[in-house]
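sharing a model that was predicted from the sequence below.
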Amino acid sequence: MIVSFDLDDTLFVAEGKFATEKQPRFPYNLIYRERLRMGTVELMRWIRSQNIELWIYTTSFRSQGYIRGLFKCYGIRLDQIVNGERHAKEVQAGRREAMPSKYPGKYKIDLHIDDDVSVAQNGRTLGFRVALVGGPEDGWTERIKEEIEKVRLQKERIEHAHQAR
């Protein structure tokens, strides 16, 4: 199973408007200025403990090294990163028609977490699953865990149905 997260306004949030994780220790706090939404570290550790692949899928052009480095400061290993550059090469890939800003189906991502309603609308149209997060809500991590469990259960049912044939 693969779960991906958007960065801006999903995991990277405005300090003061949102509760945030503690900043990385010096000197990393000078390099990584973005602040993670409170609960991100615990949620990602739980995802890793469930043997679920953990991806970042962002439209930003931050380098993969930068993104990996930031999460490494929190002890989180990422399996894959799709940034704006990779998306342009692999999804848009010279097509004349504009592709959606994110297309998790291309990468067989089972659940994408984002704050953008248009990504969820594209998911309904193009057949990929999106869980939305919004403002500084309490309990967002529990809601995402529940969504992950729903997807896992659905995948298990499909596997059992195929095995029964």
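Structure received. Predicted, not measured: the structure shown is a model, and the values here were computed from it. Residues are numbered from 1 along each chain as shown.

mind listing what's buried in the worst-scoring helix or strand of the chain on mean pLDDT?
Scoring the helices and strands of the chain by mean pLDDT, DSSP states H and E places helix 140-164 at the bottom, with a mean of 91. Within helix 140-164, the residues that count as buried by 16 or more other C-beta atoms under 10 Å are W140, T141, I144, E147, I148, V151, R152. To be clear about C-beta, it is placed using only N, CA and C from the backbone, and glycine gets the same treatment.

got it, and stretch 48-61?
Under the neighbour-count criterion of 16+ other C-beta under 10 Å, stretch 48-61 has R48, I52, E53, L54, W55, I56, Y57, T58, T59 buried.

then stretch 84-97?
Neighbour-count burial for stretch 84-97 flags R86, H87, V91, Q92 (criterion: 16+ other C-beta under 10 Å).

one step back: closest to L111 out of the buried residues of helix 140-164?
The closest of these to L111 turns out to be V151 (C-beta to C-beta; 4.9 Å).

is it true that E21 touches Y74?
Yes: shown here, E21 and Y74 form a contact pair, counting by C-beta atoms under 8 Å, at 6.9 Å.

which residues are common contacts for these two?
Applying C-beta atoms under 8 Å, 6 or more residues apart in numbering, one finds that E21 and Y74 are jointly contacted by L36, T40, V41.

quick one: the host helix or strand of R86 to chain centroid distance?
According to DSSP states H and E, R86 maps onto helix 84-87. Distance of helix 84-87 from its chain centroid, counting by C-alpha atoms, centre = their mean, to the nearest Å, is 15 Å.
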